[in-house]
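*Asks:* Need coordinates for the below:
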Amino acid sequence: ANGIASEIDRVGLAGSGSGAQPRGVINTAGIGAVAGGTNGAAPTYAHMVGLEEAVAIANADVGALKFCTNAKMRAQLRLTQVFANTNGMPVFENNQIMGYETGITNSMPSNLTKGSASGVCSAIAFGNWADLLIGFWSGLDLILDPYALATSGGRRIVAERANEPFDTSAR
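*Replies:* Numbering: from 1, shown residues only. The predicted model follows:
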């Protein structure tokens, strides 16, 4: 169940939208984006302000606004000063960026590519997460199959939603 929940988080944030995968927030066209640079860049306070501005320009700065990123970016933002060369406040402090609560999940990608920065860029998103809707048209059934791996002493667990099996085999 935890593995399935993690996959739901991943596709809700970064799903490709192809095949049976829903389109995640960061792959949705038409939402405001703030580019770090042609070849990626270390995030700055100005980038966070830019994300807030993009949401406001879209008249979407209402509700429970929050940032969301991954553990690698949290570490980077703890080392990034709000105003460079001041030895002042870090961009990320007390689980917040700019006074907004910030969710940390490793379901937010840290292996993105921007220009020549290949596989090392992270995503940061900002918005009203209550607006992210994920619909399920049935429940989740977990079925233990003691027969499929019986000769090796293993068990097969099948998680099924609306006749779409997600198979995980354990030994």
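*Asks:* Give the closest residue to the residue nearest the centre of the chain in space, chain neighbours not counted.
*Replies:* With the centre of the chain defined as its mean C-alpha position, the nearest residue by C-alpha atoms, centre = their mean is Met108, 2.7 Å away. Spatially, and ignoring its direct neighbours in sequence, Met108 is nearest to Asn70 (4.3 Å; C-beta to C-beta, 6 or more residues apart in numbering). Every C-beta, even on glycine, is put in place using the N, C-alpha and C of the backbone.
*Asks:* Check the gap between the one you found and Gly103 for me.
*Replies:* Separation of Asn70 from Gly103 (C-beta to C-beta, to the nearest Å) stands at 10 Å.
*Asks:* neighbour count winner among the two?
*Replies:* Residue environment comparison for Asn70 versus Gly103 gives the larger neighbour count to Asn70, 21 against 15, counting by other C-beta atoms under 10 Å.
*Asks:* I figured that one hits Asn106, correct?
*Replies:* Yes. When contacts are counted by C-beta atoms under 8 Å, Asn70 is listed as touching Asn106 (5.3 Å).
*Asks:* What distance do you get for the residue nearest to Met108 to Val158?
*Replies:* In this structure, Asn70 and Val158 are 30 Å apart, going by C-beta to C-beta.
*Asks:* go on, Phe83?
*Replies:* With the distance defined as C-beta to C-beta, Phe83 ends up 54 Å from Val158.
*Asks:* and those two? which has more neighbours close in?
*Replies:* Val158 (15 against 12).
*Asks:* My guess is that one contacts Tyr147. True?
*Replies:* No. The pair Val158 and Tyr147 fails to qualify as a contact (C-beta under 8 Å) at a distance of 11.7 Å.
*Asks:* for the residue nearest to Met108, what are its contacts?
*Replies:* With contacts defined as C-beta atoms under 8 Å, 6 or more residues apart in numbering, Asn70 is in contact with 104-110, 122-123.
*Asks:* what's the answer for Leu65, then?
*Replies:* Each residue near Leu65 by C-beta under 8 Å, 6+ apart is listed here: 55, 100, 126-128.
*Asks:* Sort out which one of those residues lies nearest Gly24 for me.
*Replies:* The closest of those to Gly24 turns out to be Gly127 (C-beta to C-beta; 12.7 Å).
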